Each structure stands twice: as C-alpha cells, then as structure tokens.
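A.B. asks: just to be clear, the model below is a prediction. Sequence and coordinates:
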Amino acid sequence: QVQLVESGGGLVQAGGSLRLSCAASGRTFSLYPMAWFRQAPGKEREFVAAISWSGGSTYYVDSIQGRFIISRDNAKNTVYLQMNSLKPEDTAVYYCAADSHRSTTYYARTGKYDYWGRGTQVTVSS
C-alpha cells in the first residue's frame, strides 16, 4: 500500500513560483515511476510531468516545457514539482501519482498509475 500526500500549493501572482512536494509512504518508493497531473474546474485531469524511478528520465506536457521541473529524492521518499513563470491557465488541483507496477503504459495516461494523492490547489492570479 502506498500513500501519497501533496503539499506546497497556494495562491500566487502570474509570473511567480511554487514548489509542490509529494511525500510517499512505503519502502519501495524508489522503484516507482511517478507523475504529476492537474485538473482545472470543468476539465479532465491532464498530464503535467513524469519521472522515472531513478530520476534519470523526465517527461513534460508541451504547455509547461521550460517552466516546470520534476525531480525526486528517493532517500526522502519525495517527488517535487518546481513551477516557475506561472500563468493563470496553470490554475488547477495538482495530483501526485505512483506506478507501483512499473507498467509499460504510456507515461501520460492516468491508467498507468495505481496510487493517487488527494491533490493540492494551485491558483494563479492575473
């Protein structure tokens, strides 16, 4: 069983920065590919970024490329999302997800991940 707890969300002005954290329980966290998704009101949950179990590979949705950075610290069982140059369209609930089966499903699909956090709200004002 894996529990994921996100933190670090809040209200920020456009152009500002936030750093989200996702703390995971479980001794095998370091084996899991991890990802961040987000969901804005009235919209479907969308992929934001993913990172391999080792941290050696990262993937991003085009809309945040160059602004967000995903990273992980396996010693701390934590994955991060550094968000810079935030825009009002980044406003959403951000969710952390874990793939405990290390499936071969495409990394941007929600079905790849079997554990999810409850989310943290990010609001960017114009």
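C.D. replies: Everything's here; your move. Numbers count the residues shown, from 1 in each chain.

A.B. asks: so what's the residue nearest the centre of the chain bridging to?
C.D. replies: Geometric centre of the chain, nearest residue: Trp36, 2.0 Å, by CA atoms, centre = their mean. Beta-bridge partners recorded for Trp36 (DSSP bridges): Ala49, Cys96.

A.B. asks: from Ala98, how far out is it?
C.D. replies: 11 Å (CB to CB, to the nearest Å). Heads up, the C-betas are built off the backbone N, CA and C, glycines and all.

A.B. asks: Gly42 now?
C.D. replies: In terms of CB to CB, Gly42 sits 26 Å off from Ala98.

A.B. asks: the more surrounded of the two?
C.D. replies: Higher neighbour count among Gly42 and Ala98: Ala98, with 25 against 5, using other CB atoms under 10 Å.

A.B. asks: before we move on, back to that, who's in contact with the residue nearest to the centre of the chain?
C.D. replies: Leu20, Cys22, Val48, Ala49, Ala50, Ile70, Val79, Leu81, Tyr94, Tyr95, Cys96, Ala97 (CB atoms under 8 Å, 6 or more residues apart in numbering).

A.B. asks: rebuild these as JSON lines, extending it with distance to Tyr32.
C.D. replies: As requested, the contacts of Trp36 are exported to JSON lines (distance: CB to CB, whole Å):
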{"residue": "Leu20", "distance to Tyr32": "17"}
{"residue": "Cys22", "distance to Tyr32": "11"}
{"residue": "Val48", "distance to Tyr32": "17"}
{"residue": "Ala49", "distance to Tyr32": "15"}
{"residue": "Ala50", "distance to Tyr32": "11"}
{"residue": "Ile70", "distance to Tyr32": "14"}
{"residue": "Val79", "distance to Tyr32": "9"}
{"residue": "Leu81", "distance to Tyr32": "16"}
{"residue": "Tyr94", "distance to Tyr32": "18"}
{"residue": "Tyr95", "distance to Tyr32": "15"}
{"residue": "Cys96", "distance to Tyr32": "11"}
{"residue": "Ala97", "distance to Tyr32": "10"}
